[in-house]
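Chemist: below: sequence and its predicted model.
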Amino acid sequence: MEAVIAVIALLFVLFVALGVFATVKVVGAAKRSADRHITQARRTVEDHTLKAKAFGRPGPAGEVAQLRLDLRTSMRATQEALEALAGEDDSVKESLALFQRLSSHGHELDGELRRLESEPDRATLAARLPDLRERTERITHSADALRWAARDRARRFADDDLDSLSAQIDMEAGALRHWQTDAAAPSAEGATERPAPPPWPEAPATDSAAAPEQTWPDTPRTRQAEEPTRPAITPPAARPTYPWQKKPRPESTT
């Protein structure tokens, strides 16, 4: 029984802790959302106020308001672009660190411009305008360079990925239409001219005039067949007769 009570108490504590944790999370998210909306509303009001001052106040005061508006617009756009790209590309994180250093100079200049908006001495304000304009242009130029470089890098990666994806889709489309390539293969083979087969070796000529001379030695049988037949015993040549010689007498048969 005590074990059951302990388990129930433990579950109750867990449920209470989870409830408190969820409540804190919800309150924190709501507070961050409210702060974000309040900050955005404050920025919007300040921007509209600066625009009104830039167009409604002629002279150095209106130019100071315009410089401040240009500075805030450039720095805010660069910060949003870098923060959005830093999660996808680690190289942008280094650019974001450089922007943080640039932001310190931008906040310093923005505070100085805000104080000069209510400066009653117009001559002193006009004397300081060239330096303020130069500092504003340097900061905004650096911020714009970081922003456009990060965007160009992201666009380059997107173009490379799109080219690779297009090539893969073309290959897949060709594989899906395999019946077209199979049907076109025999016709293409028939349309192309086949190479002529190699010539067969010619048969040896049978003409006796064109035939080469016999180089092998003749056999004895062949030589005897070509020579005329001779008598086995050659008769002696007839001896000449002279008048003083006696005629031979025939031998008697008795």
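Modeler: Okay, I see it. Residues are numbered from 1 along each chain as shown.

Chemist: tell me the SS of Asp89?
Modeler: Per DSSP: H, G, I helix; E, B strand; the rest coil, the local secondary structure of Asp89 is coil.

Chemist: could you check the distance from it over to Ser103?
Modeler: 20 Å (CB to CB, to the nearest Å). From N, CA and C alone the C-beta is placed, and that goes for glycine too.

Chemist: next: Arg115.
Modeler: On the measure of CB to CB, Arg115 and Ser103 end up 19 Å apart.

Chemist: which one's more surrounded, those two?
Modeler: Using other CB atoms under 10 Å, the more surrounded residue of Arg115 and Ser103 is Ser103, with 16 against 10.

Chemist: okay, the nearest residue to the more buried one once chain neighbours are set aside: pLDDT?
Modeler: Spatial nearest neighbour of Ser103, chain neighbours left out: Met75 (6.5 Å); criterion: CB to CB, 6 or more residues apart in numbering. The model reports Met75 with a pLDDT of 92.

Chemist: helix/strand/coil for Met75?
Modeler: Look at Met75: counting by three-state DSSP, its state is helix.

Chemist: ok, it - contacts?
Modeler: 102-103, 106, 139-140, 143 (CB atoms under 8 Å, 6 or more residues apart in numbering).

Chemist: one more time with 10 Å, if that's ok
Modeler: For Met75, the contact set (CB atoms under 10 Å, 6 or more residues apart in numbering) comprises 99, 102-103, 105-107, 109-110, 139-140, 142-144, 147.

Chemist: now the buried members of those.
Modeler: The neighbour count (16 or more other CB atoms under 10 Å) marks 99, 102-103, 106, 109-110, 139-140, 142-143, 147 as buried among the contacts of Met75.

Chemist: all set now, cheers.
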